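>>> sequence unknown, structure follows:
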């Protein structure tokens, strides 16, 4: 059987383009959706690095937290970035005709803990948490307070004799503000349509793409 070009002469390339248009468009839409998810992943990571996701500045770390970090050998003072486990867990995954961006349930940090639990804790904050003080923890707290110097003395040292300390983690949303800033329906649809149009360039008239979105 002759090929479509041989059968229809000069119309062959045009008819071939039309025949392939549906699959080309479906692929362009899939790739554009993936690109949109990657756009959000990049913005979330940038927000963590700049400490201002979606333009909302993080509450700075407390002096106690910074002192604890230094006692453990970490020099950084940025919130949610100590080893980089949370930042590195932001991922994009395809599931059928949907694309997921965020922290996957199976993601683990370097200590083997579920990163999604840490992400939720920081995204929404916590209620007061009562922690039983162990001898090792008490020693670490005293070391942290000694290294912190005068600033910590104003707060007073922890009281290991009570056997517990109470902490509360403030909310530092790092995903919600990004989706709020960049996820408006009109803005997102415009980005998506432009991505599809770019991917379909040379494969058919824009009107065909526009009507199919």
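Perfect, I can see it now. Because the structure is a prediction, the values reported are computed rather than measured.

>>> and stretch 175-187, how far from the chain's centre?
13 Å (Cα atoms, centre = their mean, to the nearest Å).

>>> tell me the mean pLDDT over it?
Computed over stretch 175-187, the mean pLDDT rounds to 93.

>>> show me where the chain has helices.
For the chain, helices defined by DSSP state H occupy the ranges 4-8, 12-50, 63-71, 85-89, 115-124, 135-148, 150-153, 176-182, 185-200, 206-212.

>>> Out of these, flag the one nearest residue 101.
Of all the helices of the chain, helix 12-50 sits nearest to residue 101, with 4.4 Å by Cβ to Cβ. C-betas here are computed from N, CA, C, even on glycine.

>>> Low-confidence ranges, the chain, go.
Counting by pLDDT under 70, the ranges of the chain that qualify are 1-20, 147-162, 203-213.

>>> 80 instead?
1-22, 64, 68, 71-72, 137-163, 202-213 (pLDDT under 80).

>>> Now do the domain split for the protein, please.
4-126+171-212, 127-168 (automatic domain parsing).

>>> okay, these in a markdown table with mean neighbour count next?
Shown next, in a markdown table, are the domains of the chain (neighbours: other Cβ atoms under 10 Å):
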| stretch | mean neighbour count |
| --- | --- |
| domain 4-126+171-212 | 15 |
| domain 127-168 | 12 |
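
>>> on that earlier part again, quick one: which of the helices of the chain is nearest residue 97?
It's helix 12-50; of those, that one is closest to residue 97 (Cβ to Cβ) at 7.6 Å.

>>> Please name whichever of the helices of the chain is nearest to residue 165.
Comparing the helices of the chain under Cβ to Cβ, the one sitting nearest is helix 135-148, at 7.8 Å.

>>> Kindly calculate the angle that that closest one makes with helix 63-71.
100 degrees (axes from the mean of the first three to the mean of the last three Cα atoms, to 10 degrees).

>>> Can you spell out which helices and strands pack onto helix 135-148?
helix 63-71, helix 150-153 (3 or more Cβ pairs under 8 Å, 6 or more residues apart in numbering; DSSP states H and E).

>>> try 6 Å
Here helix 135-148 touches helix 63-71, going by 3 or more Cβ pairs under 6 Å, 6 or more residues apart in numbering; DSSP states H and E.

>>> Please name every helix or strand in contact with the helix it packs on.
Secondary elements touching helix 63-71 (3+ Cβ pairs under 6 Å, 6+ apart): helix 135-148.

>>> How far does the helix it packs on sit from its chain's centre?
On Cα atoms, centre = their mean, the centre of helix 135-148 falls 33 Å from that of its chain.

>>> Now do stretch 40-59: everything it contacts.
78-80, 87, 90, 92, 101, 170, 172, 174-175, 177-178, 180-181 (Cβ atoms under 6 Å, 6 or more residues apart in numbering).
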